[in-house]
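Visitor: everything below, folded, please.
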Amino acid sequence: MIRLRTKRLLLTGATFAALSSHAFALDGQDLLTKINAAYAAGSGVLKAEAIEVNGNDVVLKGTTFTATGPHEKSVLLGNLNLQDVTEEADGAYHIDRIEFPEVNLTEEKNSVKIKDLYLAGVRVPGNTAGEGLASMMLYEEAHSGPLTVIADGKQVFSLEEASGTMALSDDESALSFDGSVTGIKADLTGVEDAKSKDAIDALGLQTVTGEINVSGSWDPSSGTIDLDEYAIDLNHVGRLSLSFAFTGYTMDLVKQLQETARTMQADPNNEQAQQAAGIAMFGLMQQMSFQSARISIEDAGITKRGLDYAGKQQGSSGEQMGQMVKGMLPILLAQAKLGALQNEISEAVNTFIDDPQNITITAEPEKEVPFPMIMGAAMGAPESLPTLLGVSVSAND
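Guide: Sure, this is the predicted structure:
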């Protein structure tokens, strides 16, 4: 009697476990469907020949990504390994890590190779029609290892690593982001055009190395985008740094822009439809306002080499070429009718040419300026833009 009861209990427990396992098993097809729904502007479709679920891991086998639009093209990605996938109560998915196979594209003597590709901390929304960042597909880290480009049997470009991260605020209403590309190396010694090769040699650009860094934040509720830094730093050339801030880029605007983009992609050969969609997108962009911007160039020797090369082409020295630029600049600026800014630009450029260190252009209006006002001034009274945007120029700060 006890044995029979025990046997029944074991059988019941096994049946319940089997049913529970089936009930809570990951739905790989649902995951793939939601990944496709989350693509920002419907710019592509991810397809898989087969989907394999093993516990909390999902393998999308034989995947291809097809970019939609007038020039539709499919790229074979291979097997994608989605590790430690969990489904949340709202139908969203969290993926601890997505590993991509190595890229190895080869055609005759040309090839592109990329290693160590992955996304980490990916959240796939359960409903893209929701509000806030919860309706977007986000990741904590995107990573690429070494990349090499070979042309005609010779390596012409490479980078060591590229990575980007996102972080949500404590209340998950805003996000910050940063990224970097390190170990950039471009080999220009293979350029065959004689004139271009002469310029490359004179400017010392046979091999260009450097890095790129970017950081910023976005608050969808206020629509404020603040790009703290976008910097390109090239050794023995210089550093170009950009930053800007504007408002109005809300989640509602993002979705309207996405819908307009989908409309344009749906009928790419209809010129009237494309023009109408373009006008609509232009109108949507007018909901934004400008807050500030800054462009800074730090010289690392390229200015002097550039003046020397330009002077040589004119049969003069680099110093004489610098004086020529300083003399011509006021004449060119006078045509733009920039008012007091004209003298400020001339003074900054003169200072920079005499001692190339850095030159900075800043735009900081007293209060944010709506984009329609900027566009109206640009078309009707371009000379008013510097005052409207609070533009200033300085050198060797």
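Visitor: any idea how far Gly210 lies from Leu240?
Guide: Here Gly210 is placed at a distance of 10 Å from Leu240 (Cβ to Cβ, to the nearest Å). All C-beta spots, glycine's among them, are computed from the backbone N, C-alpha and C.
Visitor: which of those two has more neighbours?
Guide: More crowded of Gly210 and Leu240, by other Cβ atoms under 10 Å: Gly210, with 21 against 15.
Visitor: what helix or strand does that one sit in?
Guide: In this structure, Gly210 sits in strand 207-219 according to DSSP states H and E.
Visitor: note down every partner strand of the next helix or strand after that strand and its orientation.
Guide: Next along the chain after strand 207-219, taking DSSP H and E as the criterion, comes strand 224-234. Strand 224-234 sits in its sheet next to strand 207-219 (antiparallel), strand 238-247 (antiparallel), going by DSSP bridges.
Visitor: now do strand 224-234: distance to the chain's middle.
Guide: 11 Å (Cα atoms, centre = their mean, to the nearest Å).
Visitor: now that strand - C-alpha only, CSV.
Guide: Extracted C-alpha coordinates of strand 224-234, given in CSV (Å, rounded to 0.1, in the frame of the first residue of the first chain):
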residue,chain,number,x,y,z
THR,A,224,17.1,66.6,-24.1
ILE,A,225,20.1,65.1,-25.9
ASP,A,226,23.5,66.2,-24.5
LEU,A,227,26.5,65.0,-26.5
ASP,A,228,29.3,65.8,-24.0
GLU,A,229,32.1,64.7,-26.4
TYR,A,230,32.7,63.3,-29.8
ALA,A,231,36.5,63.3,-30.2
ILE,A,232,38.7,62.1,-33.0
ASP,A,233,42.4,62.0,-31.8
LEU,A,234,45.0,61.3,-34.5
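Visitor: buried set for that strand?
Guide: For strand 224-234, a neighbour-count test (16 or more other Cβ atoms under 10 Å) marks Thr224, Ile225, Asp226, Leu227, Tyr230, Ala231, Ile232, Asp233, Leu234 as buried.
Visitor: same deal with stretch 99-108?
Guide: Phe100, Val103.
Visitor: and it, average pLDDT?
Guide: Averaged across stretch 99-108, the pLDDT comes to 90.
Visitor: circling back to that earlier point, mutual contacts of Gly210 and Leu240, please.
Guide: Listed as contacting both Gly210 and Leu240 by Cβ atoms under 8 Å, 6 or more residues apart in numbering are Ile232.
Visitor: for Ala293, see how far away Thr250 is.
Guide: Per Cβ to Cβ, Thr250 is found 20 Å from Ala293.
Visitor: same question, Leu119
Guide: Counting by Cβ to Cβ - Leu119 and Ala293 are separated by 31 Å.
Visitor: same thing with Thr165?
Guide: 24 Å.
Visitor: could you list the buried residues of the helix or strand harbouring Lys34?
Guide: Assigned by DSSP H and E, Lys34 belongs to helix 28-38. For helix 28-38, the neighbour count (16+ other Cβ under 10 Å) marks Gly28, Leu31, Leu32, Lys34, Ile35, Ala38 as buried.
Visitor: what pLDDT does the nearest residue to the last one once chain neighbours are set aside get?
Guide: What it means is Ala38. Leaving aside its chain neighbours, Ala38 sits nearest to Met137 (3.6 Å; criterion: Cβ to Cβ, 6 or more residues apart in numbering). On pLDDT, Met137 comes in at 90.
Visitor: residue contacts, Met137?
Guide: Applying Cβ under 8 Å, 6+ apart to Met137 gives the contacts Ile35, Ala38, Tyr39, Val122, Arg123, Val124, Pro125.
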